[in-house]
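Q: The following block contains a protein sequence and its predicted model.
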Amino acid sequence: MSFANVLNQEIPKKILSGALKKDMLPSAYLFYGGVGTGKWALALEVAKAINCENLQIPSKAGNENPACDQCLSCRKIEKLIHPDVKMIFPIPFASPKTQAERDKKQEAIEKFKKDKIQEPYTIVKFDKNVNIPVDEIREMQSKLYLKPFEGKRKVVIITEVENMHPSSANSLLKTLEEPPKDSHLILTSTDINRLLPTVVSRCQQIRFAKIPSFLIEKRLKERYQIPEEKASFYAKISNGSLGKALDFLQGEKENIRQDAILLIQTSIESNTGKIIDQVEKLQNRWDKNSILEMFEFLISLFRDVYLSLETFKTDKEQLLNYDIASEVVKLSERFKRQNKVEEALELVDRIRTDCKTKNVNLKLALLTLCLKLRDLSQNKPAHMNASASVML
Amino acid sequence: MTYLVMARKYRPQRFEEVVGQSHVTITLVNAIKANRISHAYLFAGPKGTGKTTVARILAKALNCKDGPTPEPCNQCDACNEIAIGRSLDVVEIDGASNNSVDDVRALRENIRYVPIKGKYKIYIIDEVHMLSDSAFNALLKTLEEPPAHAIFIFATTEPHQIPQTVLSRCQRFDFRRIPTNDLVKTIQTIAQKEKLEIDQDASYILARRADGSLRDILSLLDQVTAFGGEAEMPSSPRRVTKELVAQTLGLVDQEKLFEITDAISQKDASRGLSILNQLIDSGIDLPEFVNSLLQHFRDLLVSKVSHDSKILFDLSDTYIDRYKEKAKDFSETDILRMIKVVADLNLSLKRATDPRIFLELALMKLLKMESTVSLEDVLNKLEQLQACQREDLNLSNSSIDSESQNSSHKSLPPEDSATPKEKRGFVSNASDDEGRTKLNAPLEPAEKEKISLQGLKDRWNEVLGKIKKTKLSLWSLIKDGEIVSWEDDIITIEFHNGGAFHKKQAERKENLSLIQKALEEIYSQSFKLKFELNPEKTTSLGGQNNSTYHKDQLNLSEAAKKDPLIKTIMDTFEGEII
């Protein structure tokens, strides 16, 4: 692995290699951008470059590979066992109370590391709410003042900082601003708007763009031997995120998508009884994360419907779900008008956000969604305020 | 040694180096000069405005070897120790990490001991808003009457989270966001020290992005210099140009904004989408893109309404001309609506997980925008048609219910607004009335002989307007009538077939006198009235005026059938063309 193995992200790479070359690496970085765009992968590369035993400083600031990937340090970092490179990531049971929970926490840490070592782009998912453990942050802060064990400098990578409790984020402020010498912090976040402005201001912010789909396609073909057609479809539907594209390889995601399509078909065509049955089935089959993904598919589907209503085109260039273009056409005939589709889109987006951030009864949320979609497709006004009843 | 970011390297060490907070520094300097040092200060303000910096300078000023002095020497042991954070008399506490009661209790224990070297024992508590409630309360007594040698300096970004009891015990200083010009000046000087050459344009872009925070702008400068700015020769200064900044921060080229505007004015959805996708693939910063689009539309609007191009933001003359040219494609209301859409987008982007989809939707809305204006006209017309129809319905049902009349008039604003004009006898061009009110010049009473049948017909609307003002129900009755003849001061008004009811009502005495009065007021002449029924006229809409109206309506529906937009409207309202 080296910088070259991080897809796209030319600007971040150039900033980072420039900083490495000029030896002006700031003490705190904040990598932000969409999920699965390579923040973790690049953070790991930076950690390697900082500690590499035979660092090849690129002659010109470019996309050369600063780290050698051969030395002990590089290999240790790649296996996430380097003592001076600390990773903190959100996990369930962040503050365990019983021994069972402590075991589960440990299990979660192992799983995260294993998945990330295998493929840095993996989106590691847990079926419980995740959090950044406060005690890990405290421990990190106290250890940061010690000298590095074997590397040159200490590196701390904290991923998805938006999952950090405000109090631990606040306690990070002083460390971020003036960390002990020879230490670097790299924070990554998918949602910079949810961070404390004081945290953001203390870091050098590096934005990660979406990965163009042809690059994802190429990577899938080369590294995972995915046949051309499938690879190109996965690349397109995952909308600029290699992480999401890789998720498709697990098989589950495709089933989730099928069910999402089934869900919308049921809700616009069937009576209430059938809808309830369908929701029941889905709820039994999928966990919360999968249902959230289902919502994402619905959003992309409605986007396609909207655009096809607008441009009267259903070609591969334009659609995300081009494999089911006929379905898109059917839906656009059903909804007829852009503002209804837009309403539907906003509805799905809001229910998705509610499910993600609040404690919502998933079954009720799904049911509300279906019934409202049905109303919208029959051109009845859907009263948005009813979603309040979903809240528990 | 790790690289020291510019924000730390150039942290001000003296009061006069602090940027943009003169109201704080002058007060503090004067307080020191007058030897009126408070025992507790609270520094509040947004991020990166200098709270911690001023707290440290104040600590130095107080503990410097010839202190308290408004001008710390930065050379004595005390100053140096404070600068590197090793002083035993200046304790800097991270309020967020040490926020419990126990921490405060420990502090209270230690505060009793006199300072070791300096004159004061200074406690700087940063992020003080994170202290727990009980920690704050434990501090209250100490804060009110600390030992003579103790001074507290609190710094926070969120003063509203601090209890009132604490606030009232401190001298509070509010730090302001640093003005753009000050930011620009500061980075110009710092760039010089760093052997960088930074363009005026580049520094303004950075300053706007930094949003009043000095730390942010320096961190951006760090980033930009890491990205590029190679020196041509090792000795010459490295250059930071506008292009370099734009590239690093993922800003959108002005050209692309014009391209998108073109696509919008030409309503070319696929082209707009492809430009957008290109931009997204090239890795632009989406929120920043939305901001610059907003700015772009704003400039478009300004160049449309104003001739003073100076109001336009830092644009070269060629761009101003281009804006003026481009602005011709849109009306002011169009641009205002476009601005509204983009401004709304700004909000929804913050929530959305996939900003791209919302951006696409907004672009589609923008593409539809201009037609929305004409759509509104069409809607108005449709509404008028409907209102008319409703009136006819009312009449044929013989229900002269004034309430329903009123309601149908409410949906007819153009007519209402036109009536007062008619009454005053002005030339009304009320074009939105479909030429129903083609009026002549104001009447001159002396010309009564000249009034011809045609003239009478032409001014009939004025009469109608008058009647409408006085008695609405009567107006609705006789407006369907048509003047057919005028002989010996007798005006014959004919109703079409089925107007028997209208005739009967109009012939009632009080109604007759009303009409006569109205005629008299308009023509300054008295008339007699005769009503007749004409069985041959079978069209539901009688009267000359109405028949032209009818013709218009036919034309309209002809045109409407061809227009895909109207098709959409018809779908929307499940309506049909009448």
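A: Here it is on my side, so go on. Numbering: from 1, shown residues only, chains lettered A, B, ... in the order given.

Q: how far away is the closest residue to chain B within the stretch 151-300 of chain A from residue B:355?
A: Among all residues of the stretch 151-300 of chain A, residue A:209 sits closest to chain B, at 3.0 Å; criterion: Cβ to the nearest Cβ. Every C-beta, even on glycine, is put in place using the N, C-alpha and C of the backbone. The gap separating residue A:209 from residue B:355 is 12 Å, by Cβ to Cβ, to the nearest Å.

Q: What strand or helix carries the residue of the stretch 101-250 of chain B found nearest chain A?
A: Nearest residue of the stretch 101-250 of chain B to chain A (Cβ to the nearest Cβ) works out as residue B:226 at 3.9 Å. Using DSSP states H and E, residue B:226 sits within helix B:214-227.

Q: Check the offset of that helix from the chain's centre.
A: Centroid separation for helix B:214-227 versus its chain: 30 Å, with Cα atoms, centre = their mean, to the nearest Å.

Q: Equivalent analysis for stretch B:324-336, please.
A: Worked out by Cα atoms, centre = their mean, stretch B:324-336 lies 17 Å from the chain centre.

Q: Could you do stretch B:503-513 as well?
A: That offset, for stretch B:503-513, works out to 56 Å (Cα atoms, centre = their mean).

Q: again, but for stretch B:468-482
A: Taking mean C-alpha positions (Cα atoms, centre = their mean), stretch B:468-482 and its chain are 45 Å apart.

Q: buried ones in stretch A:139-153?
A: A:140-141, A:144, A:148, A:151, A:153 (16 or more other Cβ atoms under 10 Å in any protein chain shown).

Q: what about stretch B:204-220 and chain A, touching?
A: Yes: on the criterion Cβ under 8 Å from any Cβ of the partner chain, stretch B:204-220 is in touch with chain A at B:213, B:215-216, B:219.

Q: Can you report phi and psi for the residue of chain B found nearest chain A?
A: Closest residue of chain B to chain A, Cβ to the nearest Cβ: residue B:283 (3.0 Å). The phi/psi pair for residue B:283 (degrees, to the nearest 10) reads phi 80, psi 40.

Q: Can you tell me the closest non-neighbouring residue to it?
A: In this structure, residue B:283 finds its nearest non-sequential neighbour in residue A:209, 3.0 Å apart by Cβ to Cβ, 6 or more residues apart in numbering or on different chains.

Q: likewise residue B:143?
A: Closest to residue B:143 by Cβ to Cβ, 6+ apart is residue B:169, at 4.8 Å.

Q: same thing with residue A:282?
A: residue A:259 (5.9 Å).

Q: So which elements touch the strand or helix carrying the one you found?
A: Residue A:259 belongs to helix A:252-269 when assigned by DSSP H and E. Judged by 3 or more Cβ pairs under 8 Å, 6 or more residues apart in numbering or on different chains; DSSP states H and E, helix A:252-269 is in contact with helix A:272-285, helix A:288-311, helix A:325-335, helix A:362-377.

Q: Contacts for the last one, please.
A: Among residues not part of helix A:362-377, those counted as contacts by Cβ atoms under 8 Å, 6 or more residues apart in numbering or on different chains are A:263-264, A:266-268, A:272, A:275-276, A:278-280, A:282-283, A:288, A:291, A:331, A:334-335, A:340, A:343-344, A:347-348, A:351, A:354-355, A:381-382, A:386-387, A:389-390.

Q: Turn the buried ones among these into a named ChimeraX selection, would you?
A: Those of these that count as buried under 16+ other Cβ under 10 Å are selected in ChimeraX with:
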select /A:263,264,266,267,268,275,276,278,279,282,283,288,291,331,334,335,340,343,344,347,348,351,354,355,382,387,390
